[in-house]
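[1] attaching a predicted model along with its sequence, questions to come.
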Amino acid sequence: LRNLTTDGRLGPPYRVPDGDARWALAMPVNPGNSGGPVIDAVTGEVIGVVVAKFLRTESQGLAVPHARLVEAVQRARAASASDRTKAESLHRQRYCLRHMLRMISMAYDSFRQSCAAAIEADRTSAASIREAFNVFKSKAADALTEEMVQFETVICPEIDLVAKDADCDPAVRVGLAKLRVTIEGQAEDLRRSVALEEIDGFVRQFHASMVRGRALAIKVAETLRIDASAEKSE
């Protein structure tokens, strides 16, 4: 629907991990809304631009305040073509990594829930343990399906651009490529059914994969000057 507007309220400032301020929006925000103006209903003035939504709650989003946006545009206009190219490259690298950090976090949460389900199952029945583990793992895979679609259609093409980017640190380029393989492998593991006699081995293998993936992500985050511990699944 072209030029569709949505009514809502502007909340208090929200601090993102890097310390910068955003406006909190109490209104529906959907993929594709990023870049859309936030308009004061009384004055008609643009007071911000939509940049994000929260994934675990409904009708909550974030916008860059207009003053901060103007500052960023002025800095961009004053920068050289080479500086702009490098800034775009760094932004793409950080964007990919932040998304993959969220994917790793979601996979870990899903895995932990599956293990908890198996532990809480009827211990007198091996079949109930296997069923509980696989049922919860299947639900976890379903929950990740939408996220994986976005990962494959939006993030992976960006990673492909990073692979050809001369301004990208070679270590970051290799790290992002390895993280992509790790995430795709974890998603595939969550989708497959696991026999009772394989659960223990599966748990050990999956946990090891998550540990390696997290360690690699932290190493890449350090190079890109991102605080990996501050990145949340929201």
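    The structure has been received and is ready for your questions.
[2] output the below-cut-off pLDDT ranges for this protein.
    Low-confidence segments of the chain (pLDDT under 70): 1, 17-19, 117-118, 121-124, 140, 143, 229-234.
[3] quick one: list the elements packing against the lengthiest helix in it.
    The longest helix of the chain (DSSP state H) is helix 81-120. Judged by 3 or more CB pairs under 8 Å, 6 or more residues apart in numbering; DSSP states H and E, the packing partners of helix 81-120 are helix 126-150, helix 156-163, helix 170-191, helix 199-223. For every residue, glycine as well, the C-beta is placed using N, CA and C.
[4] so can I have JSON lines of those helices showing mean neighbour count?
    Listed next are these as JSON lines, based on neighbours: other CB atoms under 10 Å:
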{"stretch": "helix 126-150", "mean neighbour count": "16"}
{"stretch": "helix 156-163", "mean neighbour count": "15"}
{"stretch": "helix 170-191", "mean neighbour count": "17"}
{"stretch": "helix 199-223", "mean neighbour count": "16"}
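[5] out of those, which comes closest to S110?
    S110 lies closest to helix 126-150 among the helices and strands packed on helix 81-120, at 3.0 Å (CB to CB).
[6] only C-alpha atoms, please: export stretch 108-119 in PDB.
    Taking C-alpha atoms only, stretch 108-119 is exported to PDB below (Å, rounded to 0.1, in the frame of the first residue of the first chain):
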ATOM      1  CA  TYR A 108      21.400 -21.200  21.500                       C
ATOM      2  CA  ASP A 109      18.100 -20.300  23.200                       C
ATOM      3  CA  SER A 110      16.200 -22.800  21.000                       C
ATOM      4  CA  PHE A 111      18.800 -25.500  21.700                       C
ATOM      5  CA  ARG A 112      18.700 -24.800  25.500                       C
ATOM      6  CA  GLN A 113      14.900 -25.200  25.500                       C
ATOM      7  CA  SER A 114      15.100 -28.500  23.700                       C
ATOM      8  CA  CYS A 115      17.600 -29.800  26.300                       C
ATOM      9  CA  ALA A 116      15.400 -28.600  29.100                       C
ATOM     10  CA  ALA A 117      12.400 -30.400  27.600                       C
ATOM     11  CA  ALA A 118      14.300 -33.700  27.500                       C
ATOM     12  CA  ILE A 119      15.500 -33.300  31.100                       C
END
